[in-house]
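Visitor: need coordinates for the below:
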Amino acid sequence: MSGKLDIATEFIFRPDPGKERKNDLQKRAVTPKNDPTPPAGPPTPRKQEARRLRDLTPQQWRTGWAAWLGWMFDGLDMHLYTLVAAPFVMQLLQAQATSDRAVTEKSSWIQAAFLVGWALGGGFFGRLGDLLGRSRALSLTILTYAIFTGLSSFVQNWWQLLIFRFLTALGIGGEWAVGSALLTETWPKAWRPWIAAVLQTGVNIGVFIACGTVFLLADANPRYVFLVGILPALMVFWIRRYVPEPEEWHQAKSGAHHQEPSVLELFRGPVRRITLLTIVVCATSLSAWWAFMFWNQQHLRNLLVDAGFAVAPRERMVSAAFFLTIGVSIFGNFFAGALARFLGYRRAVALMCLGFFLAMTGTYCTHRDHWSLLYWIPWVGFFSGVFGLFTMYLPPLFPTLLRTTGAGFCYNIGRVAAAGGTVFFGLFSQVGNFREALFYAGFLFIPAMLVALLLPEPPDLSPDNS
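Guide: Numbers count the residues shown, from 1 in each chain. As a prediction, the model looks like this:
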């Protein structure tokens, strides 16, 4: 067993292949024996950033695919539980109905543990991304969430599921920070608004796969859907072999001379203001979004129960509604990217939060049956494109060796607030009716909108040159 562990450890932490090749070339370089100093050549011209897709290097394509696939599997493993939470927890508790009070309480605690794990994972793996490198940390995050999603299929009671969802979330939270920093440092800066949209689309497609899995297994035991979450682990071998660390990270690492900034630097000097403002924007917006993502499913499911739907058609309808919402959100990703391209990031974030507020309050301001709800919730999905902007907006706000630490901590700490909101709605909302709680959750986008206007644009990019 120890031999296998040694092999696995060497595989994950072996030297970066790009750096190995670079060092090897340096060792082979030979200068004349009678002149130990090589002659000075002309200054190296500054490398122009790619303007077209065909100008991208193979390394850029590999980092792009690694980040996009990581986000796609993020979306898959993230939402498998939200789609089967009520029926699976009902089975674990041996309850009689998904609207049972115990089912509501326990499923909300499980989701809260997931969101807290997401926040902690963002900080932990974000720090590893700065210390060990983006590629290594990305591999570790994917292995973490793939393994523990698969193990969720074998739980025998609700608290075991809570533990495995918490551990799954550690990897998912870390992947966000590491993947976004990887693209920030390797792809053209002027492309960031569109990269953000494409990257967020990876999450959407992962959610589609989760919806399709639940749809196809509507008649099966809900625990089986978690086995699909093991698939991302296979990607780790490709990442470690073909995805090198970004040159920008190597340069910052060598320039620091093993004196990397500590986490406390997030709360010192000019970085402190950015840290605090970002936490407020992320905490308020993510709390409202996850209230929708989790409790709208239960709200719709209860409406379908009242309408007399049988179990299998009901679960297919819930999956189809979620599929519709996420499908529309793809268009929202590119709409948000267009806003950022022409108005700048902070104005784009503020406008998307305003739209989010109008969509949430409009959807839940009055009682709607299940058919009427289907006409409104896609608008909520459309304005969720704002979260795609965060992927390319937040990392450049922080110094290179605090990039994944800062972005991961600030973005994911908002999920602690979201976890509290999830438990609050589960414990104190009227059983069978989450409409009023979802209505009030929409008001959280107002402070998110106002504080976003106080944030700066990335120092190395302005809307005029993008």
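Visitor: right, and G174 touches A137 too?
Guide: Yes. If you go by C-beta atoms under 8 Å, G174 and A137 touch, sitting 6.7 Å apart. From N, CA and C alone the C-beta is placed, and that goes for glycine too.
Visitor: can you list residues touching both of the two?
Guide: Contact criterion C-beta atoms under 8 Å, 6 or more residues apart in numbering; residues shared by G174 and A137: F125, L128, G129.
Visitor: what about these, which one has the most neighbours?
Guide: Counting neighbours by other C-beta atoms under 10 Å, G129 leads the shared contacts of G174 and A137 with 30 neighbours.
Visitor: element containing that residue, please.
Guide: helix 101-132 (DSSP states H and E).
Visitor: any buried residues in that helix, and which?
Guide: 103-130, 132 (16 or more other C-beta atoms under 10 Å).
Visitor: show me where pLDDT drops low in the protein?
Guide: By pLDDT under 70, the low-scoring segments of the chain are 1-50, 99, 256-260, 414-415, 417-419, 421-433, 460-466.
Visitor: go with 50
Guide: Applying pLDDT under 50 to the chain picks out residues 1-17, 19-46, 431-432, 462-466.
Visitor: just want the most central residue of it.
Guide: W176 (4.2 Å; C-alpha atoms, centre = their mean).
Visitor: what residues of the helix or strand hosting that residue count as buried?
Guide: Following DSSP H and E, one finds W176 within helix 158-184. For helix 158-184, a neighbour-count test (16+ other C-beta under 10 Å) marks 158, 161-184 as buried.
Visitor: same check on stretch 331-343?
Guide: Here stretch 331-343 shows G332, N333, F334, F335, A336, G337, L339, A340, R341 as buried, counting by 16+ other C-beta under 10 Å.
Visitor: and of those residues, the nearest to W194?
Guide: G337 (5.2 Å; C-beta to C-beta).
Visitor: contact partners for that closest one?
Guide: Here G337 is in contact with P193, W194, A196, A197, G385, G388, L389 (criterion: C-beta under 8 Å, 6+ apart).
Visitor: thinking again about what came up before, closest one of the buried residues of stretch 331-343 to F434?
Guide: Closest to F434, out of all of the buried residues of stretch 331-343 and judged by C-beta to C-beta, is G332, at 22.9 Å.
Visitor: ok, and the closest non-adjacent residue to R134?
Guide: L182 (4.3 Å; C-beta to C-beta, 6 or more residues apart in numbering).
Visitor: next SSE after the lengthiest helix in the chain?
Guide: Secondary structure of the chain read by DSSP state H shows that its longest helix is helix 269-306. Per DSSP H and E, helix 269-306 leads on to helix 311-343 as the next helix or strand towards the C-terminus.
Visitor: the next helix or strand after that next one: how far from the chain's middle?
Guide: Once the chain leaves helix 311-343, the next helix or strand it forms, by DSSP H and E, is helix 345-364. Chain-centre distance of helix 345-364: 20 Å, with C-alpha atoms, centre = their mean, to the nearest Å.
Visitor: now stretch 266-276
Guide: 23 Å.
Visitor: check stretch 53-64 too.
Guide: That offset, for stretch 53-64, works out to 22 Å (C-alpha atoms, centre = their mean).
Visitor: same question for stretch 355-370.
Guide: For stretch 355-370, the distance to the chain centre is 25 Å (C-alpha atoms, centre = their mean).
Visitor: before we move on, the earlier item: what distance do you get for the residue nearest to R134 to G121?
Guide: From L182 across to G121, the span is 16 Å (C-beta to C-beta, to the nearest Å).
Visitor: equivalent analysis for C282, please.
Guide: For C282 relative to G121 (C-beta to C-beta), the value is 15 Å.
Visitor: how about the helix or strand encompassing P87: buried residues?
Guide: Element membership for P87 (DSSP H and E) is helix 58-93. Neighbour-count burial for helix 58-93, counted by 16+ other C-beta under 10 Å, picks out 60, 62-90, 92-93.
Visitor: can you check stretch 272-284 too?
Guide: Under 16+ other C-beta under 10 Å, the buried positions of stretch 272-284 are I274, T275, L277, T278, I279, V280, V281, C282, A283, T284.
Visitor: now the angle from the helix holding G129 to helix 58-93?
Guide: Interaxial angle of helix 101-132 relative to helix 58-93 (axes from the mean of the first three to the mean of the last three C-alpha atoms, to 10 degrees): 150 degrees.
Visitor: same for the next helix-or-strand element following helix 101-132, what does it pack against?
Guide: Where DSSP H and E defines the elements, the next helix or strand beyond helix 101-132 is helix 134-151. Applying 3 or more C-beta pairs under 8 Å, 6 or more residues apart in numbering; DSSP states H and E, we find helix 134-151 packed against helix 2-13, helix 58-93, helix 101-132, helix 158-184, helix 235-242.
Visitor: again, only this time at 6 Å
Guide: Applying 3 or more C-beta pairs under 6 Å, 6 or more residues apart in numbering; DSSP states H and E, one finds that helix 134-151 contacts helix 58-93, helix 101-132, helix 158-184, helix 235-242.
Visitor: adding distance to A220, write the ones you listed out as TSV.
Guide: Formatted as TSV, the helices and strands packed on helix 134-151 follow (distance: least, C-beta to C-beta, whole Å):
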stretch	distance to A220
helix 58-93	10
helix 101-132	19
helix 158-184	17
helix 235-242	26
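Visitor: how about D100: what's its closest non-neighbour residue?
Guide: M90 is the one closest to D100 (C-beta to C-beta, 6+ apart), at 6.7 Å.
Visitor: can you name the next helix or strand after the helix or strand I413 falls within?
Guide: Using DSSP H and E, I413 sits in helix 403-428. Sequence order places helix 435-441 as the next helix or strand after helix 403-428, per DSSP H and E.
Visitor: kindly export that next one (C-alpha atoms) in PDB.
Guide: What follows is helix 435-441, C-alpha atoms only, in PDB (Å, rounded to 0.1, in the frame of the first residue of the first chain):
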ATOM      1  CA  ARG A 435     -41.700  31.400  -2.200                       C
ATOM      2  CA  GLU A 436     -41.600  34.100   0.500                       C
ATOM      3  CA  ALA A 437     -38.100  33.200   1.500                       C
ATOM      4  CA  LEU A 438     -36.900  33.300  -2.100                       C
ATOM      5  CA  PHE A 439     -38.600  36.600  -2.600                       C
ATOM      6  CA  TYR A 440     -36.700  38.200   0.300                       C
ATOM      7  CA  ALA A 441     -33.400  36.600  -0.800                       C
END
